[in-house]
Each structure stands twice: as structure tokens, then as C-alpha cells.
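Visitor: Pasting the sequence and the predicted coordinates here, then a few questions.
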Amino acid sequence: MTHHSTGKIEVIQGDITKVKADAIVNAANSALKGGGGVDGAIHRAGGAAILEACQAIISKIGKLPTGEAVITTAGKLPAKHVIHTVGPVWRGGHENEAQKLANCYRNSLKVAVENNCRTIAFPNISTGIYGFPKDKAATIAIKTIKEFINESTNIQKIELICFDNENYQWVQKNL
């Protein structure tokens, strides 16, 4: 495990499904169905309990809008909760993607605090099949997280779990 940290923020290259935190964040789709990438990995490792909890939420709200976040059980994962957030699909930067991505981080942290989660692990939201440029995504993630933890004393530690070396390099550079 390669890692780098400053204060409350730690950058780790690894697998988010193995992280023991109060909450791990899932880069979900708006139907909360489990899909490819980190979403599929979290659902596979956590088991049916996560999907059941997601379906209960969807039956109430229809779909989860981009930038919003909800919390469920973590099923069989070592984390206590999963916070699901829907990242924006990159369309060249002209559709408020940066703002929507910042909302993912901010709203996930808000949900974490509301549910007494003090340690939170994030994946690199939107940088996989959604095509968000990794350098831009890293800048937004770090900036939004730093702003949030400056205002909130409840958060003890935030881990940015990078699946690949490229994301790890960009996030570390922005720390």
C-alpha cells in the first residue's frame, strides 16, 4: 500500500472494499443498481444487503440525482456504512460537471456527519467510465474536502482510495 498524508487527509493506492472506515463512498449510478467499476466491486463484496437497502431508497425517491448522496448498510464489507453518490458524466466541462462533482464530495461528507461517521473513504468519483479528467477531478476532490473539514470538527480522517497509479499521482500532487 502506497500512501501519503497531511493532517486529516490520507491518499492511499488500494481497494476501497477492504477499507475499515465508518463509511466508504460508492460512485453509484442514479438507479443505485450496482454497475461497473467501484460500484460493482462494492456490491459484490458487500452482498445483497446493500442492494436491498438501495432498492428501498429508490422505491421512495425514484432515482438519485447527480451530486446527491444517500447512506446504507455496508453489508459484509469491513466498513460500517456505504454512502452512495452519483458522479457527473464528463461532457467536455460545459454542463457544470465541476460543480456537480464538488457536490458529490460535499453531500457525501454532510451525510457522513449526520450519521456520526468520523472516518470516510472516497474513491476517485467519475474518473472511470464517466470520463472525468483525473487531474481536474483530483483538484476538485481535495479542494472540496479541505473546505468541508475546515468547517466541520466531526471528521477525524478522510482517505482517498485510488484504484490506479495515475489517480494516486494526481491526488497526491493536489494534497
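Guide: Done, it's in. None of the values given here were measured: they were computed from a predicted structure. Residues are numbered from 1 along each chain as shown.
Visitor: all contacts plus neighbour counts: C-alpha atoms, from now on.
Guide: Will do.
Visitor: what residue ranges in the chain score low on pLDDT?
Guide: 1-3, 5 (pLDDT under 70).
Visitor: and if we set it to 80?
Guide: 1-6, 152-153 (pLDDT under 80).
Visitor: What segments of it are helices?
Guide: In the chain, the helices defined using DSSP state H lie at 37-46, 48-61, 97-114, 134-151, 165-174.
Visitor: Name the residues that touch the second one?
Guide: Looking back up the chat, that one is helix 48-61. 31-34, 43, 64, 72-75 (Cα atoms under 8 Å, 6 or more residues apart in numbering).
Visitor: which of those sit farthest apart?
Guide: L64 and G75 (20.3 Å; Cα to Cα).
Visitor: Looking at neighbours, which among the contacts of helix 48-61 is most surrounded?
Guide: Taking other Cα atoms under 10 Å as the neighbour criterion, A74 ranks highest of the contacts of helix 48-61 with 26 neighbours.
Visitor: Quick check: closest non-adjacent residue to that one.
Guide: Leaving aside its chain neighbours, A74 sits nearest to H81 (4.4 Å; criterion: Cα to Cα, 6 or more residues apart in numbering).
Visitor: how close does the one you found get to Q169?
Guide: As judged by Cα to Cα, to the nearest Å, H81 and Q169 stand 27 Å apart.
Visitor: go on, V82?
Guide: From V82 to Q169 the distance is 25 Å (Cα to Cα).
Visitor: quick one, what contacts T73?
Guide: So T73 contacts 49-50, 53, 80-82 (Cα under 8 Å, 6+ apart).
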